[in-house]
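J.: Generate coordinates for the sequence data below:
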Amino acid sequence: MNTTATIPASRQAGSAWQRLARRLQGWQEKVLRGLRYTRFQWQPEARAWLRQQRMALASPSPHQRWQAAAALRDVPLSGHDLTALGDLLLDAEPFVRWEAAMTLKDVGGQAAIGILQQTLAGDSPVGLAAAAESLAELGEVTAIPRLIELTQHDDPGVRASASAALGRLAQAQDDEVIQALITALKDAIPGVRQVAAQALGRVGSPLAVAPLIAALRRRDEFRLVRRAATWSLSKLGPDPLAVEALSEALTDRDGEVRQLAAQGLGQIGHARVISLLRPLVEDWHDTGRGTVAMAVIKAIQEIEARNAELRPPTPEAPIEHGEESLSERKQRLGLAPATPEPAPAAAAEPSRVETPAPATPPTPEADDGAAEPAIVTTEPVAATAPKRPSTRKAAPKRERAPRKRKAPDAEPPAPAEGLELNDEA
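T.: Residues are numbered from 1 along each chain as shown. Predicted structure coming up:
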């Protein structure tokens, strides 16, 4: 690995004013810490308590060292106490190292950061791992060059801690960090590959899509690495390749990979994957963090809420409070056939609608009461043929009781083609 790795110019504090500001900040913190420490010592029994904790930090009992490191948290400490906590970063017990690192992180300030950076520059594997995690928690980007070097360390724990720290400190434009994490994704230790995959998802660089897809599609890959790759792909936004890989992961043999893929597709919000999610509503594999079916249903709801071309988003109704069962939620989302409603007892069959016969214009009635049939023509009458007045006298109208006409069984015959009007009566 290149030992001359540097932080990007836009992020490094290289100007004289920035260096002066950091020195001024360190001097102010030192003065304030001294004042707080002096004020704390004037309290009753404070000196005796501090003396007791200092002795416990050097105790041969790991339990006492751990208790003392935890007790000094949120307490004004002198430079000697910070140095003693820095020595515990090299302790043989991991829980003692962790507690000392957390105390230094909570104290913060340039003094604590200086002790952590000094430990990070050492050779002890346990100290390197503890210092890397603490500096990442403090957001100290000046440690990035050293962390890139540690991704090639001989100890797998150091490589994993350095990869995790880079995932917290780096940004998407830090190409050198991305390349270091991609290299760590091919590590011989599955734990290092898992941490590297998670770190690539936190950084969020598009350069990590292809390596993560390769790790996910590798059949002999450890399941924890495939889970981390699935989680990271869901964090890389609506990348078409990431969506395709997550869609394929819905059929993975591991239930948690399927659950993470469904959650990732729901966060990305592509409407075209709903058809791929629907078959998984019956997947009741419990991953310890819920079932795959519940993750799929929630993903469909999130996709519907993100796409205006679909129906309005379905309001969430938590089933754990007894407000709605899972089967009803499936029916409301269209994931299960609706229960048919029982037909009413006195439901009448719909009558067949028949086309009524064409209405004919009214004609004067004859003496015998029979109405003359209307003559229907299919050809228009010539405009030059005048109508002759009728010489028949109109009979007085008789009042008749209305008769009900039955609907004709068949359609009336159409008039013959070519029928012409007779001009003579």
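J.: List the buried residues of the strand or helix carrying residue 199.
T.: Here residue 199 sits within helix 190-203, counting by DSSP states H and E. Within helix 190-203, the residues that count as buried by 16 or more other Cβ atoms under 10 Å are 192, 193, 194, 195, 196, 197, 198, 199, 200, 201, 202, 203. Backbone N, C-alpha and C define where each C-beta goes, glycine included.
J.: residues of the helix or strand that that helix is followed by that come out buried?
T.: Scanning forward in sequence from helix 190-203 by DSSP H and E, the next helix or strand is helix 209-217. Within helix 209-217, the residues scored as buried using 16+ other Cβ under 10 Å are 209, 211, 212, 213, 215, 216.
J.: Verify the stated contact: the last one with residue 233.
T.: Going back to what we said before, that points to residue 216. Yes - contact criterion Cβ atoms under 8 Å: residue 216 and residue 233 qualify, at 7.0 Å.
J.: Now for these two: what residues contact both?
T.: Common neighbours of residue 216 and residue 233 (criterion: Cβ atoms under 8 Å, 6 or more residues apart in numbering): residue 245.
J.: how far away is residue 240 from residue 44?
T.: 68 Å (Cβ to Cβ, to the nearest Å).
J.: mind putting the buried residues of helix 190-203 in CSV, pLDDT included?
T.: Formatted as CSV, those follow (pLDDT from 0 to 100):
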residue, pLDDT
192, 95
193, 95
194, 95
195, 96
196, 95
197, 95
198, 94
199, 95
200, 94
201, 92
202, 93
203, 92
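J.: Redo the residues you listed as TSV? Include distance to residue 174.
T.: Formatted as TSV, the buried residues of helix 190-203 follow (distance: Cβ to Cβ, whole Å):
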residue	distance to residue 174
192	19
193	20
194	21
195	17
196	15
197	17
198	16
199	12
200	12
201	15
202	12
203	7
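J.: Just name the closest of these to residue 133, please.
T.: residue 195 (11.3 Å; Cβ to Cβ).
J.: can you tell me which residues contact that closest one?
T.: Residue 195 sits in contact with 160, 163, 164, 167, 184, 228, where contact means Cβ under 8 Å, 6+ apart.
J.: just the buried members of those residues?
T.: Using 16+ other Cβ under 10 Å, the buried members of the contacts of residue 195 are 160, 163, 164, 167, 184, 228.
J.: Out of those residues, which sit inside strands?
T.: Among those, the subset assigned to strands under DSSP state E is empty.
J.: quick one: which of the residues you listed sit in helices?
T.: 160, 163, 164, 167, 184, 228 (DSSP state H).
J.: would you list those residues in TSV and tack on distance to residue 270?
T.: Formatted as TSV, those follow (distance: Cβ to Cβ, whole Å):
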residue	distance to residue 270
160	33
163	30
164	30
167	26
184	30
228	22
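J.: Redo those residues as TSV? Include distance to residue 56 and pLDDT.
T.: Putting these into TSV (distance: Cβ to Cβ, whole Å; pLDDT from 0 to 100) gives the following:
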residue	distance to residue 56	pLDDT
160	30	95
163	34	95
164	30	95
167	35	93
184	38	95
228	39	95
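J.: between those, which is nearest residue 303?
T.: residue 228 (23.7 Å).
J.: and residue 252, helix, strand or coil?
T.: coil (DSSP: H, G, I helix; E, B strand; the rest coil).
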